[in-house]
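*Asks:* What follows is a protein structure lacking sequence information:
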């Protein structure tokens, strides 16, 4: 179970998902982000060089996006988002926006947590004096 202070809400259109940013999940998320970027580039290159057809391009990009969205936002997230954005192109565009939103929110939350800890340490130090 995720601790409340280790999660943030991620908003995509009218949908809200909870992103768990414990160290392990955060590491998995950014590794997966790098992998999906490389994979989609490779798939598009294969299409551009005639190695795969357009239907194969759509299918393979769709699979990459589904596994990524589901890893980051939870099982079934991709299907919910696809109902709002029924286009792989839209989902490709939304992906970096989502990652930036996650990055900014995690950074802000971690800064707030550090400041809170600093205040508590100062308070404890004053009590000991």
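*Replies:* Sure, I can see it. Note that this is a predicted model, so its numbers are computed, not measured.
*Asks:* Now residue 9: phi and psi?
*Replies:* Dihedral pair for residue 9: phi -90, psi 140, per degrees, to the nearest 10.
*Asks:* Residue numbering should commence at 586 henceforth.
*Replies:* In the new count, where the first residue is 586, that last one comes out as residue 594.
*Asks:* so who does it touch?
*Replies:* 601-604, 690 (C-beta atoms under 8 Å, 6 or more residues apart in numbering). Yep, even glycine has a C-beta here, placed from its N, CA and C like the rest.
*Asks:* same for the longest helix out of those in the chain, what does it pack against?
*Replies:* Longest helix of the chain, by residue count under DSSP state H: helix 673-713. Under the contact criterion of 3 or more C-beta pairs under 8 Å, 6 or more residues apart in numbering; DSSP states H and E, helix 673-713 touches strand 592-597, strand 600-605, helix 608-633, helix 639-658, helix 662-669.
*Asks:* Tell me the gap between it and the middle of its chain.
*Replies:* 14 Å (C-alpha atoms, centre = their mean, to the nearest Å).
*Asks:* swap in stretch 635-642?
*Replies:* On C-alpha atoms, centre = their mean, the centre of stretch 635-642 falls 27 Å from that of its chain.
*Asks:* Let me see the mean pLDDT of it.
*Replies:* The predicted model assigns stretch 635-642 a mean pLDDT of 94.
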